[in-house]
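Chemist: Just need the structure, nothing else, for what follows:
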Amino acid sequence: MFDTGVFDRGIRETVCCLVDGESDVGLVELMTDLHRSESVVAERKLAVIAELFVRRTAEVESDGAWTSTAHEVVEAEIGAALTMGRAAAGRLIGLGMSLRTRLHATREAMARGDLDMYRVRLIEDATANVSDDRIGEVEHQLLEQVLAPPRSGKTGLTGHRLTNAANRIIARLDPAGVRAKREKAQVDRFVGVGAAEDGMCRILGSIPAGQGRAFDARLRELANTVCPKDLRTYEQRRADGLSALIDGAGFVHCECGRVDCGQRSRIATTARKPLVHLIMLDATLAGGDEPAYLDGYGIVDAAHAREIAAGADVEPVRAPSSVVPTTYRPGTVLDTWMRVLAGGCEWLHCDVAAWNTDLDHHRPFDHADPAAGGPTVAGNMTAYCRNHHRLKHSGHWRVTADGGIELTSPTGHRYRPRSSGLLGAGRDVAAGSDHVANPAVRRRTRAQNTAARIRAERRRRQAHLDAVRRRSPGARAPEAYPTDEPAPF
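Modeler: Down below sits the predicted model:
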């Protein structure tokens with residue numbers, strides 16, 4: 001009998017322990033336990049699927065059958081048993097066999113509940129083209145970064161951060177293989193337009209990373225050519241920006257309906273290439289193999305980075321001065337430095353590009369007395385996307401930055417985000433730099449900080465009420481999508 005190994009882990013007891021009077025903290029802990037248990041069950045299911053595939057393969061080969069392959073036979077059995085189509089069943093077979101034959105350490109981590117199905121799929125996709133003689137070392141180094149470190153507030157990697165970690169490791173161990181894989185992907189580039197429901201079309205394609213980021217930047221620029229009174233969401237304006245590109249227009253027509261619309265004064269020329277940020281080391285630009293980081297995309301191999309940089313303006317990144325400014329907004333040098341270090345939004349598991357984020361003060365800047373408030377220096381600033389910037393100031397989460405960023409949830413659970421930038425531990429580099437003020441040195445008492453937060457929250461709420469009163473009846477509040485407008489803090 002194939003041992004499931006499931007109920008020995010106490011899953012029945014975990015499932016049955018939910019009660020009506022459970023505290024918020026208890027619910028979060030239970031959710032975490034169930035998520036780990038789900039991973040354990042998923043690993044056993046994939047192991048069973050792989051075992052069935054191995055047995056059917058042996059049977060088909062011994063019978064000399066040619067009408068159906070073992071893969072097709074098992075796809076049919078899985079589809080019937082689990083109520084799914086061929087494609088979904090095929091993906092389960094592929095993942096199960098990868099765990100059985102190549103990703104042994106990943107399978108063990110999943111069996112312990114340390115990796116869920118989503119992250120295991122990311123690992124399999126990222127390592128699919130790694131040769132058998134290198135997969136062991138790649139997997140070992142990758143799991144050292146992906147799994148949560150054994151410290152307070154431990155958090156693992158997921159999403160683009162996980163993919164970036166894998167690509168960085170693979171690019172270092174097998175740069176020639178990465179280049180060959182990328183060149184094949186460029187050969188297979190395409191853009192397709194297909195029919196969708198309700199009178200719409202879907203656009204699907206694959207283009208080189210540099211072109212893709214330039215396209216995204218152009219749509220962002222066009223989406224922000226309307227005046228602030230336009231009621232369309234950011235995503236709707238981006239879609240209309242594509243229509244503007246098709247028509248050869250340099251802006252999206254504003255739909256505010258006002259005679260005194262200020263769109264004309266806001267329209268900027270677009271007869272230039274959109275701004276794309278690529279961060280690389282001097283050694284990479286000179287011909288080395290160290291991978292680079294394309295903002296909004298992630299890790300790119302060294303050869304690809306040099307191709308992108310060939311037609312670009314290359315500027316050195318300078319560390320900010322040790323002189324503490326008394327201005328609220330960071331200067332150009334500090335602004336660039338912070339985004340290079342961050343690599344993107346520094347909230348937990350967020351993948352928003354660094355140059356689409358707001359730079360936020362850990363300790364609030366005192367506009368009345370700049371010398372008394374939080375300084376505008378690297379050690380007192382973090383990059384957050386607009387959504388997480390608002391969340392940070394909502395009061396539901398508490399953020400501390402003594403020795404690194406730590407986020408405390410409404411239930412008291414503490415988490416330490418992981419950087420996604422080229423430098424990896426960018427926040428630690430910033431905190432230890434000679435050019436950075438020590439954020440642990442308090443310039444105000446806790447009572448003063450609390451009073452400042454209360455004043456800021458009152459100003460924010462009053463500004464929101466004033467904005468609601470100014471809007472026409474029935475108008476929707478603006479979506480929390482990235483714009484070029486300053487943060488409301």
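
Chemist: lowest confidence element among the helices and strands of this protein?
Modeler: Lowest mean confidence among the helices and strands of the chain (mean pLDDT, DSSP states H and E): helix 426-432, at a mean of 37.

Chemist: The host helix or strand of residue 120: what's the following helix or strand?
Modeler: Assigned by DSSP states H and E, residue 120 belongs to helix 117-126. On the C-terminal side of helix 117-126, the closest following helix or strand by DSSP H and E is helix 132-146.

Chemist: Spell out the secondary structure type for residue 204.
Modeler: With DSSP: H, G, I helix; E, B strand; the rest coil as the basis, residue 204 sits in strand.

Chemist: and it, what does it touch?
Modeler: Counting by CB atoms under 8 Å, 6 or more residues apart in numbering, residue 204 makes contact with 191, 192, 194. Every residue, glycine included, has its C-beta placed from N, CA and C.

Chemist: ok and the helix holding residue 120 relative to helix 132-146, angle-wise?
Modeler: 140 degrees (axes from the mean of the first three to the mean of the last three CA atoms, to 10 degrees).

Chemist: Any buried residues in helix 117-126, and which?
Modeler: Using 16 or more other CB atoms under 10 Å as the test for burial, helix 117-126 gives 117, 119, 120, 122, 123, 124, 126.

Chemist: Now do it: everything it contacts.
Modeler: Under CB under 8 Å, 6+ apart, the answer for helix 117-126 is 38-39, 42, 94-95, 98-99, 103, 106, 110, 115, 139, 142, 146, 156-159, 162-163, 166-167, 170.

Chemist: What subset of those residues is buried?
Modeler: Of the contacts of helix 117-126, these count as buried by 16+ other CB under 10 Å: 39, 42, 94-95, 98-99, 103, 106, 110, 115, 139, 142, 146, 156-159, 162-163, 166-167, 170.

Chemist: Residue 299 belongs to a strand?
Modeler: Yes. The assignment for residue 299 (three-state DSSP) places it in a strand.

Chemist: which SSE is the closest residue to it other than its chain neighbours in?
Modeler: Of all residues not flanking residue 299 in the chain, residue 167 sits nearest, at 3.9 Å (CB to CB, 6 or more residues apart in numbering). Applying DSSP H and E as the criterion places residue 167 in helix 159-173.

Chemist: Run through the neighbouring helices and strands of that helix.
Modeler: Packing partners of helix 159-173 (3 or more CB pairs under 8 Å, 6 or more residues apart in numbering; DSSP states H and E): helix 117-126, helix 132-146, helix 175-187, strand 298-300.

Chemist: For the second one, name the packing helices and strands.
Modeler: If you count contacts as 3+ CB pairs under 8 Å, 6+ apart, helix 132-146 packs onto helix 104-111, helix 117-126, helix 159-173.

Chemist: and the shortest one, what's its mean pLDDT?
Modeler: Over the span of helix 104-111, the pLDDT mean works out to 96.

Chemist: cool, and the last one?
Modeler: This predicted structure assigns helix 159-173 an average pLDDT of 88.

Chemist: just the CA coordinates of it, formatted as CSV?
Modeler: Only the C-alpha atoms of helix 159-173 are listed here, as CSV (Å, rounded to 0.1, in the frame of the first residue of the first chain):
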residue,chain,number,x,y,z
GLY,A,159,6.9,35.6,-6.7
HIS,A,160,9.5,37.7,-8.6
ARG,A,161,11.8,37.6,-5.6
LEU,A,162,12.0,33.8,-5.9
THR,A,163,12.4,33.9,-9.7
ASN,A,164,15.1,36.6,-9.4
ALA,A,165,17.0,34.5,-6.8
ALA,A,166,16.9,31.5,-9.1
ASN,A,167,17.9,33.5,-12.2
ARG,A,168,20.8,35.1,-10.3
ILE,A,169,22.2,31.7,-9.2
ILE,A,170,21.7,30.1,-12.7
ALA,A,171,23.3,33.0,-14.4
ARG,A,172,26.4,32.7,-12.2
LEU,A,173,26.7,28.9,-12.5
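
Chemist: What is the end-to-end distance of stretch 165-183?
Modeler: 21 Å (CA to CA, to the nearest Å).

Chemist: And that stretch, how far out from the chain middle?
Modeler: With CA atoms, centre = their mean, to the nearest Å as the basis, stretch 165-183 stands 20 Å off its chain's centre.

Chemist: Name the residues that touch it?
Modeler: With CB under 8 Å, 6+ apart, stretch 165-183 has contacts from 122-123, 126-127, 129-131, 134, 137-138, 141-142, 145-146, 157, 289-291, 298-304.

Chemist: tell me which element the nearest residue to residue 111 once chain neighbours are set aside is part of?
Modeler: Spatially, and ignoring its direct neighbours in sequence, residue 111 is nearest to residue 43 (4.6 Å; CB to CB, 6+ apart). If you go by DSSP H and E, residue 43 is part of helix 24-63.

Chemist: ok, the most centrally placed residue in the chain - contacts?
Modeler: For the chain, the residue nearest the mean C-alpha position is residue 351 (1.8 Å; CA atoms, centre = their mean). Going by CB under 8 Å, 6+ apart, residue 351 touches 159, 160, 161, 344, 345, 420.

Chemist: Was I right to think the fifth one contacts residue 385?
Modeler: Translated: residue 345. Yes. With contacts counted by CB atoms under 8 Å, residue 345 reaches residue 385, the gap being 4.0 Å.

Chemist: Need the residues touching each of the two.
Modeler: 352, 357.

Chemist: contacting residues for residue 383?
Modeler: 338, 339, 342, 344, 345, 346, 354, 357, 358, 359, 360.

Chemist: Which of those residues fall within helices?
Modeler: Judged by DSSP state H, helices contain the following of these: 338, 339, 342.

Chemist: is it true that the second one touches residue 354?
Modeler: Yes. A contact is recorded between residue 339 and residue 354 when judged using CB under 8 Å, the distance being 3.9 Å.

Chemist: ok, which stretches of the stretch 301-450 of the chain are helices?
Modeler: In the stretch 301-450 of the chain, the segments counted as helices under DSSP state H, counting those that start in this stretch are 302-309, 332-342, 386-393, 426-432, 446-470.

Chemist: among those helices, which gets the worst mean confidence?
Modeler: Mean pLDDT values for the helices of the stretch 301-450 of the chain show the minimum at helix 426-432, a mean of 37.

Chemist: hang on, the earlier thing: quick one: the buried residues of helix 117-126 as TSV, columns for distance to residue 380 too.
Modeler: Listed next are the buried residues of helix 117-126 as TSV, based on distance: CB to CB, whole Å:
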residue	distance to residue 380
117	39
119	33
120	38
122	34
123	36
124	40
126	35
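
Chemist: quick one: which of these is nearest residue 279?
Modeler: residue 126 (20.5 Å; CB to CB).

Chemist: and the gap between that closest one and residue 95?
Modeler: The spacing between residue 126 and residue 95, counted by CB to CB, to the nearest Å, is 13 Å.

Chemist: quick one: common contacting residues for the two?
Modeler: Residues touching both residue 126 and residue 95 by CB under 8 Å, 6+ apart: none at all.

Chemist: Pull the number of nearby residues for the closest residue to residue 413 other than its chain neighbours.
Modeler: Nearest non-adjacent residue to residue 413, counting by CB to CB, 6+ apart: residue 28, 6.0 Å away. With neighbours defined by other CB atoms under 10 Å, the count for residue 28 comes to 16.

Chemist: Now do the contacts for residue 28.
Modeler: 409, 411, 413.

Chemist: Many thanks, we can stop here.
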